[in-house]
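Asks: give me a 3D structure for the following:
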Amino acid sequence: MTSLRSRTVGIVAGAMALVACSEQPTTKPPTEQEIHANDSADASGTSGRHPYRCDDKRTLLIDFKDEGLTLEIRRAADAAPLVLTAPAQGLQYVGDTASATFSGNEIRIEDAEQPTIVCTKATSL
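Replies: Predicted coordinates:
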């Protein structure tokens, strides 16, 4: 009887250990930038394009590319973009003369040639 009980306890303990080892790792939810790379909030329908209103009262169009690791920032749809890249999600975007960081739905753009601006994601233009 004791031998049967020990075997049963051993089998149950082994099964529980296997279940614990086979748990799937939790995946992180997508970042704001990854989400924006796959949708559009702009009337043009350009994938990944989103309008932002800035503290200087101007509008930016930001195109999220490469799963959110590249930003193309424009003052107008037909303007040449300022291109910034990040090595991984959640890190600072950098370019030749500028850098950008996100905090929630805000982006802070620091440019060596212009004053720093803070822009908030707009729902529409």
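Asks: pretty sure residue 79 sits in a strand.
Replies: No - Residue 79: not assigned to a strand; according to DSSP: H, G, I helix; E, B strand; the rest coil it is coil.
Asks: distance of it from residue 65?
Replies: When distance is defined by C-beta to C-beta, to the nearest Å, residue 79 is 16 Å away from residue 65. To be clear about C-beta, it is placed using only N, CA and C from the backbone, and glycine gets the same treatment.
Asks: show me which of the two is the more surrounded one.
Replies: residue 65 (16 against 10; other C-beta atoms under 10 Å).
Asks: pretty sure the more buried one contacts residue 72?
Replies: Yes - contact criterion C-beta atoms under 8 Å: residue 65 and residue 72 qualify, at 6.3 Å.
Asks: beta-bridge partners for the residue lying closest to residue 70 once chain neighbours are set aside, please?
Replies: Nearest non-adjacent residue to residue 70, counting by C-beta to C-beta, 6 or more residues apart in numbering: residue 85, 5.0 Å away. Residue 85 has these beta-bridge partners by DSSP bridges: residue 70, residue 94.
Asks: Provide a list of residues in contact with residue 100.
Replies: Residues in contact with residue 100, defined by C-beta atoms under 8 Å, 6 or more residues apart in numbering, are 71, 73, 84, 92-93, 107-110.
Asks: so where does it fall, helix or strand?
Replies: Counting by DSSP states H and E, the element that carries residue 100 is strand 98-103.
Asks: sounds good, over and out.
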